[in-house]
Structure formats: C-alpha cells, structure tokens
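# Generate a structure from the sequence data that follows.
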Amino acid sequence: MSSISIIGTGNMARTIGALAVAGGNTVEVMGRDHSKSTDLAKALGGGATTGEWGAVPAGDIVIVALLSDGVVPAVAHYGDALAGKVIVDISNPFNSTFDGLAHREVTSIAQEAAKVAPAGASVVKGFNTVFRHVLENGRPDVFIAGDNAQAKAGVEAFIKSLGMRPMDTGGLEMAHWLEGAGLLTMGLARHGVGGWDFALGVTELPS
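Here you go, the predicted model:
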C-alpha cells in the first residue's frame, strides 16, 4: 500500500483520507491550523498522524487538497521539503461564475505547481473530475495526467487501493483539459443532471 500525506483539512481531504485509511494506506494530515489537522487525523483513525505545516511530508505521495488559488503558494512554501515526492493536485480553478476557468492561458494549476516544485519532485493531476459524494459512495474511474511514468504508477497503485480505476490521460499538459472536464462536470450538475459525474465507469451510485 501507499504512504500518503494530505495537505489540507477540508472536505476533499477528509474524503480522500478516509478512503486511503480504508484502503490500508498510511496517512498523514498537514494543515495551517494544527488543531484542525489533529482533529481530522483522529477522525480518520487507522493510525493517521498529524504533520507540521511546511515540514517534510512523511508520505511518498503528497495530495494537495486545497482550493486552486492555494496550491501553487503551498508548493512554493514547502519548497525543498517536497524534493523526491509525488505531488497530486486535485483542484479545479473555476472562475467566480463557474462557467469558465480562472486562468485564460493554456495551462493548469498542476503545470504551474510543477514550475515551483523542487528538483526531483513530480506533479500529477488527479481526482478533480469526480464529485466528492461520488468518491464517497461510488467506484469511479479517476483520470490522471503527469510527465513521470514512475510517479503516475505510484498514484495508480494508490487509486486502485481505493477500489477505483486509474485512467492515464497522458503528460502533464493534459491537466489543462482535465480542468476543463471538471468545468463540464460542474456545468452538468448545475443544470440538473444530479448524481451523474464525468468520471466514466461508475459502477455504484447512491440510490
């Protein structure tokens, strides 16, 4: 199984953390508010631990579960503490009206994070096309993108431990299109599609 550090204490951090623990992975929680990190680690159970914000993560895979505008600053803040780690960006940079991406260039949060990541770190985009309730109750396919084959293999193994199927979309440049797919998912939800999500292959949805 995998060794996972989660930067963030919000809903997606809680959901992925719970799935990770249930899948037999070791989990560390890191947040700016240490008390929230401690509370989340206790809630996750399964030996989940609390790390210090900005310290070297214990996990080989570091999931940055922050809002899109916080991802690049967090990666820059951690700096060399992330050397040799696999950094997973799960964010969606929606604009204020949720009908477009916040950035207008053909880039992505993952690509921008890679620019500030230390040497030896690899960035992978993943989980951004799946609604939280589908992660909690379904078994969706999880699209990923990244330039390092070994890093992607590690993330794929982690996704499989959650009972889900990883789908490799290609290099990190595909992260831009995954963010577009996240936007499409949001558009469907806002127009009454409901429990359907863009992650193909869902085999179990809430009744």
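# Residue nearest the middle of the chain, spatially speaking?
Central residue of the chain (CA atoms, centre = their mean): residue 90, 3.1 Å from the mean position.
# Show the pLDDT at that one.
Per-residue pLDDT puts residue 90 at 96.
# just checking, it touches residue 68?
No: counting by CB atoms under 8 Å, residue 68 is not a contact partner of residue 90; they are 9.6 Å apart. All C-beta atoms are positioned from the backbone trio N, CA, C, and that covers glycine.
# May I see the buried residues of the lengthiest helix in the chain?
When the chain is scanned for its longest helix (criterion: DSSP state H), the result is helix 175-190. By neighbour count on 16 or more other CB atoms under 10 Å, the buried set for helix 175-190 is 175-179, 181-183, 185-186, 189.
# Just give me the closest of the residues you listed to residue 13.
Nearest to residue 13 among the buried residues of helix 175-190 is residue 182, at 17.4 Å by CB to CB.
# So the nearest residue to that closest one once chain neighbours are set aside, which state does it fall into?
Closest residue to residue 182 apart from its sequence neighbours, by CB to CB, 6 or more residues apart in numbering: residue 92 at 4.0 Å. Secondary structure for residue 92, judged by DSSP: H, G, I helix; E, B strand; the rest coil, is coil.
# Let me see the contact set for residue 92.
Residues near residue 92 by CB atoms under 8 Å, 6 or more residues apart in numbering: 68, 128, 179, 182-183, 186.
# again with residue 157
Contacts for residue 157 (CB under 8 Å, 6+ apart) come out as residue 2.
# Check the gap between it and residue 60 for me.
Separation of residue 157 from residue 60 (CB to CB, to the nearest Å): 11 Å.
# Please enumerate the shared neighbours of these two.
Common contact partners of residue 157 and residue 60 (CB under 8 Å, 6+ apart): residue 2.
# leaving aside the residues next to it on the chain, what's closest to the residue nearest to the centre of the chain?
Leaving aside its chain neighbours, residue 90 sits nearest to residue 127 (4.1 Å; criterion: CB to CB, 6+ apart).
# Where does pLDDT dip in the protein?
Within the chain, the stretches with pLDDT under 70 are 95, 97-98, 100, 102, 104, 187, 189-207.
# which residues in it form helices?
For the chain, the helices defined by DSSP H occupy 11-22, 34-44, 68-78, 109-116, 132-137, 149-161, 175-190.
# so can I have TSV of the ones you listed showing distance to residue 1?
Formatted as TSV, those follow (distance: least, CB to CB, whole Å):
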stretch	distance to residue 1
helix 11-22	9
helix 34-44	15
helix 68-78	24
helix 109-116	24
helix 132-137	18
helix 149-161	6
helix 175-190	25
